[in-house]
Structures are given as C-alpha cells and as structure tokens.
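K.L.:
Below is the sequence, then the predicted model.
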Amino acid sequence: NIDVRSIIGVVVLLIVGTAVLPIIIDSVAAASASLTGAAKTMIDLIPLFYVIALLLAVIYWAIGTAKTK
C-alpha cells in the first residue's frame with residue numbers, strides 16, 4: 001500500500017518547487033550580471049543544483065516507497 005499522504009506531500013513539494021524556480025532563475029540572473037569569472041560560474045549553477053535537489057527528493061521518495069513493499 002502506498003500512503004496517500006506521502007504522495008500528496010511529494011506532489012506539493014514538486015508544485016511549490018517548480019513555482020519557486022522562476023524566482024530563483026531571475027534572482028540568479030540579476031546577481032550574475034555584476035559578477036565575473038569563477039563567481040559568475042558558481043552562481044549560474046544554482047538553478048541546476050536546485051532542480052537536481054528536487055529530482056533527488058522524488059527519487060528518494062520512490063525508492064523508499066518501493067522498499068516498503
């Protein structure tokens with residue numbers, strides 16, 4: 001049995017996470033405009049790491065759900 005509350009939690013996490021993503025991208029673009037070199041490169045990678053974290057949360061939930069069966 002898959003717990004409905006955990007499914008709702010993951011869906012809410014994805015909805016909120018994807019809703020916040022444009023704000024993060026805009027903030028990173030604004031901050032990145034005044035930077036150069038390595039600092040600019042690291043700041044530009046923040047949205048990528050954010051998306052990877054969201055994907056890892058979903059994968060972790062899926063693996064945890066599969067192990068309980």
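P.N.:
In hand now; what should we look at?
K.L.:
can you give me the helices for this protein?
P.N.:
In the chain, the helices defined using DSSP state H lie at 4-32, 37-44, 46-67.
K.L.:
can you redo those as a markdown table with mean neighbour count and mean pLDDT?
P.N.:
C-beta here means a position set from N, CA and C on the backbone, and glycine is covered the same way. Shown next, in a markdown table, are the helices of the chain (neighbours: other Cβ atoms under 10 Å; pLDDT from 0 to 100):
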| stretch | mean neighbour count | mean pLDDT |
| --- | --- | --- |
| helix 4-32 | 12 | 94 |
| helix 37-44 | 12 | 96 |
| helix 46-67 | 12 | 92 |
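K.L.:
and S27, how far is that from G9?
P.N.:
Distance, S27 to G9, by Cβ to Cβ, to the nearest Å: 26 Å.
K.L.:
A31: what's it in contact with?
P.N.:
Going by Cβ atoms under 8 Å, 6 or more residues apart in numbering, A31 touches I43.
K.L.:
Quickly note the distance from it to P47.
P.N.:
Taken as Cβ to Cβ, the span from A31 to P47 is 12 Å.
K.L.:
Kindly report the same for A66.
P.N.:
Distance of A66 to P47, computed by Cβ to Cβ: 29 Å.
K.L.:
what do you get for R5?
P.N.:
Distance, R5 to P47, by Cβ to Cβ: 29 Å.
K.L.:
Just list the residues touching the residue nearest to D44 when sequence neighbours are not counted, thanks.
P.N.:
Nearest residue to D44, sequence neighbours excluded (Cβ to Cβ, 6 or more residues apart in numbering): S32, at 5.6 Å. Going by Cβ under 8 Å, 6+ apart, S32 touches K40, I43, D44.
K.L.:
In TSV, list those along with distance to L14.
P.N.:
Shown next, in TSV, are these (distance: Cβ to Cβ, whole Å):
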residue	distance to L14
K40	29
I43	25
D44	23
